[in-house]
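> show me how the following folds:
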Amino acid sequence: MFASSLSRALRATDRHIPLGRTVRGAVTLACALGIAPRLDPVAGLVCVAGAIWGINADHSGPHRERFARLAAVMAAGAAGVLLGCQFHDSAWGQIVTLAVSGLVAGLLTGFGATGQVAGLALTVMAAIGCGVEGALPAWSCAADYLLGCLPMAVMAVAAACAVRVPEPDGNARVTGVCRWRWVRSIRQAGCMGVAGGVALALHPEHSFWLPLTTAMVFRVDDPCLLRRAGSRFFGTVLGLGISLALVATVPDGWALVLVAALVGALTPKLTELSYALHTALITVVILGLVRPVSEGGGPLFSARLLDTALACLLAVIFGYVLWPHGPRPDVASHGLPSGTRPAAPAAGGERPLEDRECAVAVDRVEDRGSAAAADGTCEPSEGRSR
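Prediction:
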């Protein structure tokens, strides 16, 4: 099923290459991989994570909107790693931290694509902060994260200052405040808390990968969670295979930086094509290019594959089994014409083709009206822009 979805996405895509995002992605990741070997291993990992989030926050919209999303991701990610580092030596502290970050991330989905990607950055970086084992002070981890985001931020500021752009369309700021949004956010909090507990029970020395992956897979507003989980697992398997090859063949130094630039350049377009391909690239960055991590070899790679499988399983359980009707379509833009709802990014960047197909089904549901709006439980926090 997932292979056929990937094949369909590859056939259906246009030939357009997002040149600006391709160049920015290459520069950002190459800078991070050039700096990482000169830092403490943990600091290097956090710096590369910041670069990845800089690429994820980038998109092809108005410059001012792009800068606002990047600023939100920088602030949320720094806050997440600061929070996680406070509880790296407390098992219950980590579980509570992950649950709270999941709750906040779920609530932030009501603020459109920027809120969604900022909430995801908060949760993922909180998971990484919980797993750094106190190797660095919290403020240093936050600084390293911002250092990784810096090249993208510089390019975003330069573009925003050089080009005068119109105000974003008001429809992109339409949000909904619904009782069931809280329920879905609590579901995400529970999922993240359980993921943290399972990770600590299995391998406390590497406890961040499982909750990190859970945060990436489980989305409170994703109507195609099962497909997303399958794509995540398939992409991880593909990425692990490529990472093993890179570790065996690519030496440290400039060769590694050049490979990083290539991966950064490929990320924007491949993210549009498929979430599985995006996952493969991110796996390659973390396990194939960040050498202090990749030095763990086969056992570490096997543990990461197990963590990914467990994360996908937890996401499916909390998304479908405990709530048999599955994730409900987001009504943040209920009442808007079909297709005007802001597209939620698959991993912070542009929405992949396979997710856009799912969005069509959601739009059909919204056109028929949602039960939440019908019984008066959902009231827009902002009126429709005129």
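
> which stretches of the stretch 1-150 of the chain have low pLDDT?
Residues of the stretch 1-150 of the chain meeting the criterion pLDDT under 70: 1-15, 133-135.

> and the strands in this protein, which stretches?
176-178, 378-380 (DSSP state E).

> I'd like the average pLDDT over the last one.
Strand 378-380 shows an average pLDDT of 34 in the prediction.

> distance of the residue lying closest to residue 132 once chain neighbours are set aside relative to residue 94?
Leaving aside its chain neighbours, residue 132 sits nearest to residue 42 (5.1 Å; criterion: CB to CB, 6 or more residues apart in numbering). Placement of C-beta: from N, CA and C, glycine included. Look at residue 42 and residue 94: by CB to CB, to the nearest Å, they are 16 Å apart.

> quick one, which of these two is more surrounded?
More neighbours surround residue 94 than the other of residue 42 and residue 94, with 28 against 20 (other CB atoms under 10 Å).

> how close does that one sit to residue 127?
Counting by CB to CB - residue 94 and residue 127 are separated by 9 Å.

> name the residues contacting each of these two.
84, 196 (CB atoms under 8 Å, 6 or more residues apart in numbering).

> I'd say residue 195 and residue 207 touch.
No. Assessed by CB atoms under 8 Å, residue 195 is found out of contact with residue 207, at 9.8 Å.

> pick out whichever of these two has more residues nearby.
residue 195 (31 against 27).

> quick one, what contacts the more buried one?
Going by CB under 8 Å, 6+ apart, residue 195 touches 98, 210, 211, 214, 310, 311, 314.

> so which of those is the most crowded?
Neighbour count (other CB under 10 Å) singles out residue 211 as the most crowded of those, with 37 neighbours.

> quick check: that one touching residue 101?
No. Residue 211 is beyond contact range of residue 101, at 9.1 Å (criterion: CB under 8 Å).

> mind listing the helices for the stretch 51-200 of the chain?
63-85, 91-108, 112-130, 138-162, 179-202 (DSSP state H, counting those that start in this stretch).

> and residue 254, which of those helices is closest to it?
helix 138-162 (17.5 Å; CB to CB).

> in terms of secondary structure, what does the closest one contact?
Judged by 3 or more CB pairs under 8 Å, 6 or more residues apart in numbering; DSSP states H and E, the packing partners of helix 138-162 are helix 19-35, helix 41-57, helix 63-85, helix 112-130.

> tell me where the stretch 251-386 of the chain is predicted with low confidence.
Scanning the stretch 251-386 of the chain for pLDDT under 70 picks out 292-297, 323-386.

> number of nearby residues for residue 186?
Residue 186, neighbours per other CB under 10 Å, totals 16.

> how close does it sit to residue 79?
21 Å.

> any figure for the gap between residue 21 and residue 152?
Counting by CB to CB, the gap from residue 21 to residue 152 is 10 Å.

> typed the wrong thing, it's residue 282
16 Å.

> who has more neighbours, the two?
Neighbours per residue (other CB under 10 Å) separate residue 282 from residue 152, with residue 152 holding more: 29 against 22.
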